[in-house]
Structures are given as C-alpha cells and as structure tokens.
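*Asks:* Sequence plus the predicted model coming up.
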Amino acid sequence: MKPISIEQLILTQDRQYTRQKQWITLKVSELEMQALEAYCQQAQRSKTNVLRETIRQLPTYSSFSTNS
C-alpha cells in the first residue's frame, strides 16, 4: 500500500465530508427549542447528534443506510 501525506488524507476526508453531509434548516417553536436544548444539556450531546440519531430511528432510514 502506498503511503499518503497528511495533506492528502485531510483533502480526502474533506471531499468525503462534502459528499456525504447535507445541511438542513429547521423551524421549531420556542417550546420545542427549549425542550431540545434542555435534553441536549442533560444528555451532554449536541443538537446535531440528537437530531441525527432521531432521523436514524425513522422506519424509512434502513432502506437508505446501505448507501451511506
């Protein structure tokens, strides 16, 4: 296996991140945001992490997860 430089590794990871991740904007009520923030603080987790896990629990997620 040919060794690669750290710069090549970072570039490869950046490309994979760009290709694999998408942005989402979500409107929520003040109460919903307070509930999410309180849960995240209590669980010591980020909002992104909590929302990503919630999406992964959707019944339709498994049909797409083999493509990730």
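*Replies:* Received the coordinates, thanks.
*Asks:* how close does Thr54 get to Arg45?
*Replies:* Separation of Thr54 from Arg45 (Cβ to Cβ, to the nearest Å) stands at 11 Å. C-betas here are computed from N, CA, C, even on glycine.
*Asks:* got it, and Thr25?
*Replies:* 20 Å.
*Asks:* quick one: which of the two has more around it?
*Replies:* Arg45 (13 against 4; other Cβ atoms under 10 Å).
*Asks:* What's the per-residue pLDDT of the more buried one here?
*Replies:* Note for Arg45: predicted pLDDT of 96.
*Asks:* distance of it from Glu30?
*Replies:* In terms of Cβ to Cβ, Arg45 sits 21 Å off from Glu30.
*Asks:* Same question for Ser62.
*Replies:* Counting by Cβ to Cβ, the gap from Ser62 to Glu30 is 33 Å.
*Asks:* Which one's more surrounded, those two?
*Replies:* Ser62 (10 against 7).
*Asks:* Low-confidence bits of this structure, can you list those?
*Replies:* Scanning the chain for pLDDT under 70 picks out 1-2, 4-19, 65-68.
*Asks:* got the residue ranges for the helices in it?
*Replies:* 6-20, 30-43, 47-56, 62-65 (DSSP state H).
*Asks:* which residues does the closest residue to Val28 other than its chain neighbours contact?
*Replies:* Excluding its sequence neighbours, the residue lying closest to Val28 (Cβ to Cβ, 6 or more residues apart in numbering) is Leu36, at 7.2 Å. Applying Cβ atoms under 8 Å, 6 or more residues apart in numbering to Leu36 gives the contacts 28, 47, 50-51.
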